[in-house]
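1. attaching a predicted model along with its sequence, questions to come.
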Amino acid sequence: MTSQDDLFAEERAENRLAAAPLAARMRPRSLDEIAGQDHLVGEGTAFRSLLDSAKPSSLILWGPAGTGKTTLARLTAKAAKAYFAELSATSAGVKDVRAVLAGARQRLEEGRGRTVLFIDEIHRFNKAQQDALLPGVENGTVILVGATTENPFFEVNSPLISRCTIFRTEALDPDDVLMVLRAARDDPVRGPGQDLEIPDGVLEVIAERVGGDARLALNTLDVAATVVRGAGRSTVADDDVVEALQRRVIRYDKAGDRHYDVISAFIKSVRGSDPDAALYWLHTMLEAGEDPKFIARRMVILASEDIGLADHRALGIATDAYRAIELIGLPEGAYALTHAAVYLATAPKSNTIATAMIATRDLIERTASAAVPPHLRSAAAAGQRSLGDGVDYRYPHSNPSGVVPQQYLPDAAVGAILFRPGDRGDEEAVRQRLDEIDARLGKRSRK
């Protein structure tokens, strides 16, 4: 290759860079330039050690959009001095996979090094497409780097998972995003241009509104700069950012991991008696468009599972919130959900209903063939009483106390204690009442 060829190659690269969006221009060129993923790129971490060895193995990068998965894939290829091949699971098929594997095999045979195959949104590959990758990954023809926003343990085939190391990227916090934006603003070559004034306050607005997505932050700054230039101005203002971004981004996918993570955070906050956290997660879901009936159903479950008889009103409050959503929907139904969330979060907690269910199911499994005691059997059909069904049953309402001692459990389960009330909230009164009933029935202590 002549020096003139080198000159043209450099010129072409510069032209491509100039035409690329800001997020592409500012793509980190080394691990040290990556923001917010210290658990991956920090000194001594497993991922960094893998790249520093210059012999990376196949891996899957799992995390939210805009957290550097594509960049990490490119740096993996750079570390291995490997050819970088890229496929998108939304458009590539089995034929494309086989073509890349064939090219990678040829490069190896000709001594031209290895190939890193980067597949974006690998969770969108079907089983046949994923199976087509297996031979190349297994025999080392390619180093696979898959990127996904979905849980790979659910979305990627087990044989492929077993041949890859999974690394998780995390959403950036606002300070990390701000650092990325400042680096872009101050870069005279790759940045949005030195002809514009971009105050720190504007960058802070972007950093707070992009939900930890660095790519979205840079794209927003890029669009805002275009808006300002188009208006003949020289300073980017907050309003330009609002116009570029349109609205605050809530990182939430109703069909993905975030959906399950946020409802889990909500339930655990209510269970943990933190109404402020419960409200934060509740309204995160509502603002992101979550089905309010889904939220209400989970509160109905929680009312029995985590509160139970400690507050006998809790189940009614949760059920009423569900009915309110059915009746009036959103946005007004958010009042009922908020009402219920605060009530459940501040109610005394007890899991005795849940533990009673577990104990009962265990006992049933151990006594599955137990017969119903004769005196408890139905005697509705003619002749059943002559067989002993229903005979000697004692009617509780005939006793002044309303409680009569008799066997209610099958022989194999006699004496079992399945419900053990606590002493929180209303359950203290339930426990005292049960002490009186147990004394009449001749039961042993529940403590």
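-> Good, I have the coordinates.

2. any buried residues in stretch 136-143, and which?
-> For stretch 136-143, a neighbour-count test (16 or more other CB atoms under 10 Å) marks 136-137, 141-143 as buried. Where C-beta positions appear, they are placed from N, C-alpha and C, glycine not excepted.

3. again but with stretch 428-443, I slipped
-> Buried, per 16+ other CB under 10 Å, within stretch 428-443: 430-431, 434.

4. how about stretch 49-60?
-> For stretch 49-60, by 16+ other CB under 10 Å, it's 50-51, 56, 58-60.

5. stretch 314-323 now?
-> Buried, per 16+ other CB under 10 Å, within stretch 314-323: 314-315, 317-318, 320-322.

6. cool, stretch 418-431 as well?
-> 418-419, 421-422, 424-427, 430-431.

7. and the furthest pair within these?
-> Greatest spacing in these, by CB to CB: 418 and 425 (20.7 Å).

8. count the neighbours of residue 183 for me.
-> 16 (other CB atoms under 10 Å).

9. now do the strands in the stretch 151-300 of the chain.
-> 165-168 (DSSP state E, counting those that start in this stretch).

10. so where do the helices sit in it?
-> Taking DSSP state H, counting those that start in this stretch as the criterion, the stretch 151-300 of the chain carries its helices at 152-155, 158-161, 174-186, 200-209, 214-230, 238-245, 257-271, 275-287, 292-302.

11. let's have the buried residues of stretch 49-60 in TSV, adding distance to residue 43.
-> Output for these, formatted as TSV (distance: CB to CB, whole Å):
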residue	distance to residue 43
50	13
51	12
56	17
58	24
59	19
60	23
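
12. tell me the one of those nearest residue 77?
-> Distances from residue 77 to the buried residues of stretch 49-60, taken by CB to CB, are shortest for residue 56, at 8.7 Å.

13. assumed the closest one was part of a helix.
-> No: if the criterion is DSSP: H, G, I helix; E, B strand; the rest coil, then residue 56 is coil and not within a helix.

14. wouldn't it be in contact with residue 50 here?
-> Yes: Residue 56 lies in contact with residue 50 (CB atoms under 8 Å); the separation is 5.0 Å.

15. contacting residues around stretch 431-443?
-> 401, 403-405, 415, 417, 419, 421-423, 444-446 (CB atoms under 8 Å, 6 or more residues apart in numbering).

16. repeat that for 10 Å
-> Stretch 431-443 has contacts (CB atoms under 10 Å, 6 or more residues apart in numbering) with 309, 352, 399, 401-408, 415-417, 419-423, 427, 444-447.

17. so which of those residues belong to helices?
-> Taking DSSP state H, the ones among those that sit in helices are 352, 427.

18. restricted to buried residues, select the contacts of stretch 431-443 in PyMOL.
-> Here is the PyMOL selection string for the buried members of these, based on 16+ other CB under 10 Å:
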select buried, resi 309+352+407+419+421+422+427
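
19. how close does residue 407 sit to residue 311?
-> 33 Å (CB to CB, to the nearest Å).

20. burial count for the nearest residue to residue 351 once chain neighbours are set aside?
-> Distances taken as CB to CB, 6 or more residues apart in numbering place residue 306 nearest to residue 351, at 6.0 Å, with adjacent residues excluded. Counted with other CB under 10 Å, residues neighbouring residue 306 total 22.
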